[in-house]
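Participant: Predicted model, plus sequence, below.
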Amino acid sequence: MTHGYQMYQELSISNEVLEATPVKLICLLLDKALQQVEVIQQSIEGKNIHAKFTAIRRVNDIVAYLRDCLNMQDANTTAVAQSFDAVYILIEKKLFRVSIQNNVAELSEIREMFSQLRSAWANL
């Protein structure tokens, strides 16, 4: 029964992605990043090193993808893209410190940045 429910959830997510607008896709990625930040928090508290590094890798992958999607060539959007890039770079640096130092304060800052990014994208 659990397996069937899990498959249903995966199918539901797949349909959501297939039908999503570009803005909605970014919101979905940011939601996933926020979920993984929670996994990192729980992993630090539970001293689960493997789960922490897996979640950090997933967040890094999401941030790398978001950075790859930035359009730095369009003169009309370069300033905005550079601003987003600066935020993404800051998140990457903070994630690195979290991975080395288990710094929960930095993790809270990352969570807040993702929440603000999510809110900004959702209001477009």
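Facilitator: Structure's in. What do you need?

Participant: State the number of residues packed around Ile62.
Facilitator: The number of residues packed near Ile62 is 21, by other C-beta atoms under 10 Å. C-beta: built from backbone N, CA, C; applies to glycine.

Participant: Asp31 is in contact with that one, correct?
Facilitator: No. Ile62 lies out of contact with Asp31 (C-beta atoms under 8 Å); the separation is 10.0 Å.

Participant: How about the contacts made by Met72?
Facilitator: Thr78, Ala81, Gln82, Asp85 (C-beta atoms under 8 Å, 6 or more residues apart in numbering).

Participant: Which secondary structure element is home to it?
Facilitator: For Met72, there is no enclosing helix or strand under DSSP states H and E.

Participant: any chance of the contacts of Met72 in CSV, with pLDDT and secondary structure too?
Facilitator: What follows is these, written out as CSV (pLDDT from 0 to 100; DSSP: H, G, I helix; E, B strand; the rest coil):
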residue, pLDDT, secondary structure
Thr78, 91, helix
Ala81, 90, helix
Gln82, 94, helix
Asp85, 96, helix
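
Participant: which one of the residues you listed has the most neighbours?
Facilitator: Greatest neighbour count in these, by other C-beta under 10 Å, goes to Ala81: 17 neighbours.

Participant: Contacts only, for that one.
Facilitator: Residues counted as contacts of Ala81 (C-beta under 8 Å, 6+ apart) are Leu70, Asn71, Met72, Asp74.

Participant: rerun that using 10 Å as the cut-off
Facilitator: Neighbouring residues of Ala81 by C-beta atoms under 10 Å, 6 or more residues apart in numbering: Arg67, Cys69, Leu70, Asn71, Met72, Gln73, Asp74.
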